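Novice: Could you look at this predicted model? Sequence included:
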Amino acid sequence: MGTTAEDRAIIRKILEHNEQDSTDMLPETMSNPVSNYTDPDQLQQEIDVLFRNFPLVVAHTSELANVGDFITHDDTGVPLLVNRSAEGQLKAFLNVCRHRGARVEGEPCGNARRFTCPYHAWSYDLDGELRGMPQPVGFDTVDREDFGLVELPVFERFGLVWVVPSPQDKPIDIDAWLAPLHEQFDGLDLANHVIFEKWALHKDMSWRLALEGFQESYHFCSAHRDTACSNYLDNQSVWSSYQPHMRHSVPLPQVLKLRDQPEDEWDYRPNFMTQNFVFPANFVQSMTDHVYVHTILPTGQGTCAFHCMMLVPKGTEVDKAKYWRANYDVVRTVFDEDFAIGEGIQKGFEAGANEFFTFGKYEVGLHHSQKAINDALAGKIVV
Ligand code: FES
Ligand SMILES: [Fe+2]
């Protein structure tokens, strides 16, 4: 992956901050009302807007490589069925039978030519069309064309599968939506990666708390004292706003050696962990040689799901398995440290100690995502 002009500007900033003993900061701190995390009406609005109208990552493209490959997914709040059709296109549907609403496909993944509802065996093809029903004489008034599975927008971009979990009445321009991240994601070449590990966790914490764990590095040397702390320069993140998305570049200590190299020889990737936030709740977190893709989803009041996959370059998964496993073990530990803190915060909400949380000037990602959420709820951000 080549080093871009933006990458170089980020490195320059890091070196400047290091010389001046400073870090990336906003002019003001911010008070965020705790009700943003606890109010049931607020959560319902977030679900209705953020988690129904914006693209969420649900799979890696390798999971749907062949015609008939499918996955189901339940944690967006609507049951999803995604498959590759006979023409090779991805299709996404509500996994809900059009007869009387049963869940059509029960398996988490597989390969199928048709999906047959377990209740009365209505069957649908890979395009979601209703193809068969036992004893059709009882439904001779039904026009099958009107009883296909409900289709959802789905996109295959940068090796990832993105679904908007509700039917939309206008087309979605996914390329415009992801444009600010295009250069970076293109460089990661995720279509030529494989899933080394994929996991989902259900946590007793607001989705907002889980999100915030990935949006500042101020906590690294306290919450991750024995894990992530020593791997990075302390609280030296650089932020690139692509409103409503955000790039969060976290430098490794060795980046400081670049000071002695000409700029055109600088190499960004070996010197950074980069957390790319793709609104509303997707992260593409690139490490020096592999990538974590995660999505955080509200599953109720004070609960959320965390879906994550570790992607490694195709062809390295066997030879470097031991090395990848060691990386995975560290990251699982680091993420678990974040979630333990988040679940603790959630428990504390009931005590009422805080009316608002204070975001520091260098906790830039927190300011950013709160603003983006407010803007989206106010209808100012649309895909
Ligand atoms: S509910 Fe699916 S066939 Fe009846
Ligand atoms: Fe963390």
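Specialist: Thanks, I have it. Ligands and ions are numbered 1, 2, ... in the order given.

Novice: quick one: whichever strand or helix holds residue 371 to chain centroid distance?
Specialist: Secondary structure from DSSP states H and E places residue 371 in helix 364-377. Centre-to-centre, helix 364-377 and its host chain are 16 Å apart (CA atoms, centre = their mean, to the nearest Å).

Novice: Any buried residues in stretch 60-67, and which?
Specialist: Neighbour counts using 16 or more other CB atoms under 10 Å place 60, 61, 62, 63, 64 of stretch 60-67 among the buried residues. Using the backbone N, CA and C atoms, a C-beta is placed for each residue, glycine as well.

Novice: how about those in TSV, adding secondary structure, distance to ligand 1 and pLDDT?
Specialist: Putting these into TSV (DSSP: H, G, I helix; E, B strand; the rest coil; distance: CB to the nearest ligand atom, whole Å; pLDDT from 0 to 100) gives the following:
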residue	secondary structure	distance to ligand 1	pLDDT
60	strand	30	98
61	helix	30	98
62	helix	30	98
63	helix	25	98
64	helix	24	98
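
Novice: follow-up on the earlier one: check which helices and strands the helix holding residue 371 sits against.
Specialist: Other helices and strands packing on helix 364-377, by 3 or more CB pairs under 8 Å, 6 or more residues apart in numbering; DSSP states H and E, are strand 30-33, helix 40-53, helix 207-212, strand 238-242, strand 245-251, strand 272-278, strand 356-359.

Novice: can you pull the buried residues of the last one?
Specialist: Taking 16+ other CB under 10 Å as the basis for neighbour counts, the residues of strand 356-359 that come out buried are 357, 359.

Novice: Mark out where each domain of this structure begins and ends.
Specialist: According to automatic domain parsing, the chain comprises the domains 5-54+175-377, 56-171.

Novice: Kindly report the residues of this structure close to ligand 2.
Specialist: 213, 338 (CB under 5 Å from the ion).

Novice: Please, where are all the helices along the chain?
Specialist: In the chain, helices defined by DSSP state H lie at 5-20, 35-38, 40-53, 174-178, 182-188, 207-212, 220-223, 321-349, 364-377, listed in chain order.

Novice: Dump those to TSV, plus mean pLDDT and mean neighbour count.
Specialist: Formatted as TSV, these follow (pLDDT from 0 to 100; neighbours: other CB atoms under 10 Å):
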stretch	mean pLDDT	mean neighbour count
helix 5-20	97	16
helix 35-38	96	17
helix 40-53	97	16
helix 174-178	98	15
helix 182-188	96	17
helix 207-212	97	24
helix 220-223	96	15
helix 321-349	97	16
helix 364-377	97	20
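
Novice: shouldn't residue 354 be in contact with residue 36?
Specialist: No: using CB atoms under 8 Å as the test, residue 354 is too far from residue 36 to be in contact (11.5 Å).

Novice: that older thread, can you redo the helices of the chain as a markdown table with distance to residue 94?
Specialist: Shown next, in a markdown table, are these (distance: least, CB to CB, whole Å):
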| stretch | distance to residue 94 |
| --- | --- |
| helix 5-20 | 39 |
| helix 35-38 | 29 |
| helix 40-53 | 12 |
| helix 174-178 | 20 |
| helix 182-188 | 28 |
| helix 207-212 | 22 |
| helix 220-223 | 39 |
| helix 321-349 | 30 |
| helix 364-377 | 23 |
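
Novice: Residue 311: which of those is closest?
Specialist: Among those, the nearest to residue 311 by CB to CB is helix 182-188 (8.6 Å).

Novice: can you list contacts of the closest one?
Specialist: With contact meaning CB atoms under 8 Å, 6 or more residues apart in numbering, helix 182-188 is reached by 1-2, 4, 6, 157-159, 175, 178, 247, 274, 276, 284, 286, 291.

Novice: Look at the closest residue to ligand 2 within the stretch 51-200 of the chain and report its pLDDT.
Specialist: Taking CB to the ion, ligand 2 has its nearest neighbour within the stretch 51-200 of the chain at residue 199, 16.7 Å off. Reported pLDDT at residue 199 in the predicted model: 98.

Novice: Which residue is the nearest non-sequential neighbour of it?
Specialist: Nearest residue to residue 199 in three dimensions, chain neighbours excluded: residue 308, at 5.7 Å (CB to CB, 6 or more residues apart in numbering).

Novice: ditto for residue 13
Specialist: residue 238 (5.0 Å).

Novice: quick one, what contacts the one you found?
Specialist: Counted by CB under 8 Å, 6+ apart, residue 238 has contacts 10, 13, 14, 17, 24, 248, 249, 251.

Novice: Is residue 269 in contact with residue 255, as I believe?
Specialist: No: contact criterion CB under 8 Å: residue 269 and residue 255 do not qualify, at 11.1 Å.

Novice: Between those two, point out the one with more neighbours.
Specialist: residue 255 (22 against 17; other CB atoms under 10 Å).

Novice: so what's the more buried one up against?
Specialist: So residue 255 contacts 11, 14, 15, 233, 271, 272 (CB under 8 Å, 6+ apart).

Novice: Check residue 11 too.
Specialist: Counting by CB under 8 Å, 6+ apart, residue 11 touches 255, 258, 266, 268, 271.

Novice: Save those as TSV, and put in distance to residue 326 and pLDDT too.
Specialist: Shown next, in TSV, are the contacts of residue 11 (distance: CB to CB, whole Å; pLDDT from 0 to 100):
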residue	distance to residue 326	pLDDT
255	23	98
258	26	98
266	28	98
268	24	98
271	20	98
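
Novice: and which of these is nearest to ligand 1?
Specialist: Set against ligand 1, the nearest of those by CB to the nearest ligand atom is residue 268 (51.7 Å).
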